[in-house]
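>>> Here you go, sequence then predicted model.
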Amino acid sequence: MSTPLLVWIILAPLLGAILNAGFYFYHIKKQKVSDKIFSIIGTGTPLIAFLITLNLFLQMEENSIIFTQNLFTWLSIGNLTIQMSLLGDNLAIFMSMFITFVGWLIHIYAIGYMKGDDGFGKFFAYFNLFLASMLILVLADNPIILFIGWEGVGLCSYLLIAFYYQDKENVIAGNKAFIANRVGDFGFLLGVVTLFFAIGADSLSFSAIEANISNASTELLILSGFLLFVGAMGKSAQIPLYVWLPDAMAGPTPISALIHAATMVTAGVYMVARFHFLYSGIENIGLFIAYIGAFSALFAAVIATKQQDIKKILAYSTMSQLGYMFIAVGLGFYSSGLFHVFTHAFFKAMLFMGAGGIIIALHHEQNIFKIAQHRAQLPIIHFTFLVGVIAISGIPPFSGFFSKDAILAAAFQEGEYLIWGIGMFTAFLTAFYMFRLYFIVFVAPTKNVTKHIYTSKTITFPLLILSIGAIAAGFLNLPAIFGGEARVDTWLSQLNSNAIHMSHSTEYILMAASIIIAAAGIVVAYKKYAKFDIYKPESEEGIIANKFYIDELYDKLFVQSSKKLSTFIDKVVDEKIIDGFIMTVCNEFVSFGKKVATIQNANVRFYAGFMLVGMSCIFVYLYISLGL
């Protein structure tokens, strides 16, 4: 069913970005524009996008329809036509619902967090543009339009990570994110091109690709599936293209929340689910994705156990949770992976926003031991942070339990016991490092407690709303074993997702094991950190604390080698070989010219002699050539 409303889901935040940018230019050139104007535009337009999405969702639930909107023909070459068209199917509307809702709450939070900042209007312009780019990505009806949104979120992440560009380290972090994602994006683009040649269709809409995929070469489909996933490795920070994510914490905390909860990093999971018809037919690529997800989850969790920066701990937890999502979609359990994307959006946004509230209260201190040494009484942030920690640890009945447990059950059912074992151990580590963070920041004994710190309602209101989602969102996909209807699985049935069909007794055993593992992680964290001496923090030395020196390895392998290659090309190839050859040739021409110049001696008889010789040569040539 065609509807003009689809485009307005994108246009609302896009117009917000344009208006805020215009007012910001006026603000810096002419006169001061009130922050209230930026705030109203910045938060109002995401709310409009959410309300439109909610309206379409209710219509779809009542009538089981799919919305489409063809805006215009973007490109037509020979038989190939690429339409600028939007698709509002169950998957797109599901993603748009929590992207706009959680994104709206993060925009409200940003009002309090960015209060008094000189770049307040610019921040909201970037923020709105980020949301619009993600919605283009989600609502696109073909991979070319999807790629526009894909690049848009990459651009906005760079702008926001390097927002405080006066600090060189922030610019380096922004560049790192931008460059790492360009590597992945190049793979994605090659994957789309390969897919085009594989199917040979006259349209690149997702429905046309799915209809023609059975006629394509298996080898090309495998190559395309792998290259597309390279793009997902970059956007969703999986091994080996994850290195940008921890450094992305250089940006203001609201952008950290938006990147990790509702936008950029979930794009890779969404893309794999959108191409479900491709990955479902390529078992080896799916298994490859699942193993990349499993090892990424474990690797990030191990690193998080030794980090001391509150935001970097949360960043590595995002990478780890994304690993779980890729386990699910790699094994063909698309709805399970997307359900974890959904629940994760609530508790991860809440955790980042809670961390931001603490950072503001303590004048931008981010080291968890120093935060503990100057603890602030922040009851709402304390409560919501604890809710988020419990949810991400997978403790029932909080939302993270239902979504994570479905993924572990999927791995066990499919006989991938190594993946299941890695997932279980990662669950132990997740509970350990998250409660390590909680006990140090909120529980461990301290000599200083700062009371009566005012926290803006624009910060506490979104936290309280998100805490409801972190607690209750899991019940939206309550499995049959608990008498539920698995509504999310039903809503996403178009994806031909695999389903859990084990005996109830096996499911109960797996759930019990998962709970025991998580509880063990909490107990270990409690014994070690509940009474920890925060005035004697842990050493920042060691291979885990230094993130296995992967950044240093990448620096030597890629950065330093590129510099050496560039120097070699500049000093040897360019300067000595190319320039040397050219200069030699030029010098010879100059030398020859000087010798020829001696002929010009102003002697008329000398010139007449040369003319006579020349004319004689011409006559001889004509005589011979004409046969006279």
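It's in. Residues are numbered from 1 along each chain as shown.
>>> Now for residue 552: which residues touch it?
residue 546 (CB atoms under 8 Å, 6 or more residues apart in numbering). Where C-beta positions appear, they are placed from N, C-alpha and C, glycine not excepted.
>>> For it, what is the enclosing helix or strand?
helix 550-554 (DSSP states H and E).
>>> and residue 70, backbone torsions?
Note on residue 70: backbone dihedrals following degrees, to the nearest 10 are phi -100, psi 120.
>>> how far away is the nearest residue to it once chain neighbours are set aside from residue 146?
Distances taken as CB to CB, 6 or more residues apart in numbering place residue 85 nearest to residue 70, at 4.3 Å, with adjacent residues excluded. Shown here: residue 85 relative to residue 146, a distance of 11 Å by CB to CB, to the nearest Å.
>>> quick one: average confidence on the longest helix anywhere in the chain?
Counting by DSSP state H, the longest helix found in the chain is helix 168-199. Averaged across helix 168-199, the pLDDT comes to 91.
>>> Packing partners of it?
With contacts defined as 3 or more CB pairs under 8 Å, 6 or more residues apart in numbering; DSSP states H and E, helix 168-199 has these neighbours: helix 143-161, helix 206-212, helix 218-235, helix 244-247.
>>> Determine which stretch of the ones you listed is the most buried.
Among those, helix 244-247 has the highest mean neighbour count (mean count of other CB atoms under 10 Å), at a mean of 24.
>>> what does the helix or strand just after it rub up against?
Downstream of helix 244-247, the first helix or strand assigned by DSSP H and E is helix 253-261. Applying CB under 8 Å, 6+ apart, the contact partners of helix 253-261 are 102-103, 106-107, 109-110, 113-114, 123, 127, 130-131, 157, 160-161, 163, 248-249, 265, 311, 314-315, 318, 344-346, 348-349, 352-353, 355-356, 359.
>>> among those residues, which are in helices?
Using DSSP H, the contacts of helix 253-261 in helices are 102-103, 106-107, 109-110, 113, 123, 127, 130-131, 157, 160-161, 311, 314-315, 318, 344-346, 348-349, 352-353, 355-356, 359.
>>> those strands in the protein, which residues are they?
Taking DSSP state E to define them, one finds strands in the chain at 67-77, 80-88, 375-376, 449-450.
>>> Could you export those strands as a markdown table, including mean neighbour count, distance to residue 491 and mean pLDDT?
Formatted as a markdown table, these follow (neighbours: other CB atoms under 10 Å; distance: least, CB to CB, whole Å; pLDDT from 0 to 100):
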| stretch | mean neighbour count | distance to residue 491 | mean pLDDT |
| --- | --- | --- | --- |
| strand 67-77 | 13 | 15 | 87 |
| strand 80-88 | 20 | 13 | 88 |
| strand 375-376 | 21 | 42 | 84 |
| strand 449-450 | 10 | 46 | 73 |
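>>> Quick one: residues contacting the nearest residue to residue 119 once chain neighbours are set aside.
Among residues not flanking residue 119 along the chain, residue 163 sits closest, at 6.8 Å (CB to CB, 6+ apart). Residue 163 makes contact with 119, 123, 126, 170, 251-252, 255 under the criterion CB under 8 Å, 6+ apart.
>>> Low-confidence stretches in the stretch 351-500 of the chain?
451-452, 454 (pLDDT under 70).
>>> Quick one: the helices in it, in order.
All helices of the stretch 351-500 of the chain, identified by DSSP state H, counting those that start in this stretch, fall at 368-373, 379-393, 399-413, 417-438, 457-472, 487-491.
>>> Mind putting the ones you listed into JSON lines with distance to residue 296?
Below are the helices of the stretch 351-500 of the chain laid out as JSON lines (distance: least, CB to CB, whole Å):
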{"stretch": "helix 368-373", "distance to residue 296": "24"}
{"stretch": "helix 379-393", "distance to residue 296": "16"}
{"stretch": "helix 399-413", "distance to residue 296": "14"}
{"stretch": "helix 417-438", "distance to residue 296": "10"}
{"stretch": "helix 457-472", "distance to residue 296": "23"}
{"stretch": "helix 487-491", "distance to residue 296": "24"}
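>>> which of those helices sits most buried?
The stretch of those with the highest mean neighbour count (mean count of other CB under 10 Å) is helix 399-413, at a mean of 26.
>>> Fine by me, thanks again.
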